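Colleague: the sequence isn't on hand, but the structure is:
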């Protein structure tokens, strides 16, 4: 009985050593496979970065204008005074906003002054400032739903083009108290006067009330996403002629160039305007991935599939249960 017990223990130890040896062999094999997959994924990422970088350089070279004979230097138009002598001068604290993967919105400071005042009264009582910021134009479709046989379905739609992706109004007081509706409409100031062009000529045949409902739906949608903003009394005078205002940019804003226009009103009439630009630009890895995805969509899709398969194989090799 004693010898039989010893032989049984030796047999158990032998089986245990074989299992340990197989487990070590399996884990070593999986580590080698994991290292190879990591190398493949790293090579793919480097290839994507190289292609995106070369595409960006090629685009930059294509967009480089040809050298032309030097022309007399002229200062860019900044301020314009339609009537009277007053001139509004303004500037933006940040002309360039970097959009990265961690971008969660930003705030833009706009400040300025009124030059050559012709009123002896305090500036805050004699003048009004309206600041309008417009984002990149885009195409947007508004749809109207109705209940059909107990199911909500899209029964009508209207597409608009050149819709500002972002539209903000900041003023010293309510627009109705600053100028007449005709003047505001001509200057495209206010949500009712946002330029919404019909993308299809068939939309012109719609009744005015139905077309107005579609326009109102676009504005309502944009306001719900905080892409259309209004701040009455958002412009504050900090001195005799100085004023300042802040513009909030949400995280979902479209990247591109934003046009900023400052209007100076006195007694309901436009006295001067000033225009400036704000550039929202992508930076970091997001910039290269975005360029690669939109410039080479087919290869971007292939690379995404390969990365997904490689990541799945890597996870299965690292976290999979070893075979017996």
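Modeller: Sure, I can see it. Keep in mind that this is a model prediction, so the values were computed, not measured. Numbering: from 1, shown residues only.

Colleague: tell me the pLDDT of residue 293.
Modeller: Residue 293 is assigned 73 on the pLDDT scale.

Colleague: 279 is where my numbering starts, stick with that
Modeller: Right, with 279 as the first residue, what we last looked at is residue 571.

Colleague: hmm, who's touching stretch 412-427?
Modeller: Applying C-beta atoms under 8 Å, 6 or more residues apart in numbering, the contact partners of stretch 412-427 are 430-445, 477, 491-493, 495-496, 499, 505, 531-537, 539. Placement of C-beta: from N, CA and C, glycine included.

Colleague: so for it, mean pLDDT?
Modeller: 85.

Colleague: go through it and flag the buried ones.
Modeller: Neighbour-count burial for stretch 412-427, with 16 or more other C-beta atoms under 10 Å as criterion, is recorded at 412-414, 418, 420.

Colleague: just checking, which of those residues belong to strands?
Modeller: 412, 418, 420 (DSSP state E).

Colleague: wait, what's in contact with residue 393?
Modeller: With C-beta under 8 Å, 6+ apart, residue 393 has these contacts: 364-367, 519.

Colleague: repeat that with 7 Å
Modeller: Contacts of residue 393 were listed using C-beta atoms under 7 Å, 6 or more residues apart in numbering, and they are 365, 367.

Colleague: before we move on, what about residue 561?
Modeller: Contact analysis of residue 561 by C-beta under 7 Å, 6+ apart lists 376-378.

Colleague: ok, and the most crowded of these?
Modeller: residue 377 (20 neighbours; other C-beta atoms under 10 Å).

Colleague: my guess is that residue contacts residue 533, does it?
Modeller: Yes - at 5.4 Å, residue 377 and residue 533 qualify as touching, with contact defined as C-beta atoms under 7 Å.

Colleague: which neighbours do these two have in common?
Modeller: Common neighbours of residue 377 and residue 533, counting by C-beta under 7 Å, 6+ apart, are 558-560.

Colleague: all helices of the stretch 429-578 of the chain, in order?
Modeller: For the stretch 429-578 of the chain, helices defined by DSSP state H, counting those that start in this stretch occupy the ranges 453-456, 459-464, 486-502, 563-573, 575-597.

Colleague: can you say which of the ones you listed is nearest to residue 510?
Modeller: The closest of these to residue 510 is helix 453-456. By C-beta to C-beta, the value is 7.5 Å.

Colleague: list the helices and strands that closest one packs on?
Modeller: Helix 453-456 sits against no helix or strand, with contacts defined as 3 or more C-beta pairs under 7 Å, 6 or more residues apart in numbering; DSSP states H and E.

Colleague: list of residues touching that helix?
Modeller: Residues from elsewhere that reach helix 453-456 (C-beta under 7 Å, 6+ apart): 406, 408, 449, 462, 467-468, 543, 546.

Colleague: tell me which residues of that helix are tucked away?
Modeller: So, applying 16+ other C-beta under 10 Å, buried residues of helix 453-456: 453, 456.

Colleague: one more: stretch 536-553?
Modeller: For stretch 536-553, the neighbour count (16+ other C-beta under 10 Å) marks 536, 538-544, 548-552 as buried.

Colleague: same question, stretch 370-388
Modeller: 370, 375, 377, 381, 384, 386, 388.

Colleague: contacts for it next, please.
Modeller: Counting by C-beta under 7 Å, 6+ apart, 368, 409, 522-529, 533, 538, 554, 556-562, 564 sit against stretch 370-388.

Colleague: for that stretch, measure first residue to last.
Modeller: Start-to-end span of stretch 370-388 (C-alpha to C-alpha, to the nearest Å) is 5 Å.

Colleague: residues near the nearest residue to residue 512 once chain neighbours are set aside, how many?
Modeller: Using C-beta to C-beta, 6 or more residues apart in numbering and skipping the chain neighbours, the partner closest in space to residue 512 is residue 448 (3.9 Å). Neighbours of residue 448 under the rule other C-beta under 10 Å: 23.

Colleague: residue 448 contacts residue 511, doesn't it?
Modeller: No - the pair residue 448 / residue 511 is not scored as a contact, 9.0 Å apart, by C-beta under 7 Å.

Colleague: picking up where we left off before, any chance of the ones in strands among the buried residues of stretch 412-427 in a markdown table with distance to residue 472 as columns?
Modeller: Below are these laid out as a markdown table (distance: C-beta to C-beta, whole Å):
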| residue | distance to residue 472 |
| --- | --- |
| 412 | 9 |
| 418 | 11 |
| 420 | 13 |
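
Colleague: which stretches of this protein have low pLDDT?
Modeller: Within the chain, the set of residues satisfying pLDDT under 70 comprises 279-294, 298-299, 301-362, 395-402, 481, 563-566, 568, 595-602.

Colleague: ok, back up a step: so how far is residue 409 from the residue nearest to residue 512?
Modeller: Separation of residue 448 from residue 409 (C-beta to C-beta, to the nearest Å): 4 Å.

Colleague: pull up the overlap in contacts between the two.
Modeller: 513, 523.

Colleague: returning to that earlier point: only the buried subset of the contacts of helix 453-456, as a ChimeraX command please.
Modeller: Buried subset of the contacts of helix 453-456, written as a ChimeraX selection, criterion 16+ other C-beta under 10 Å:
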select :406,408,449,462,467,468,543
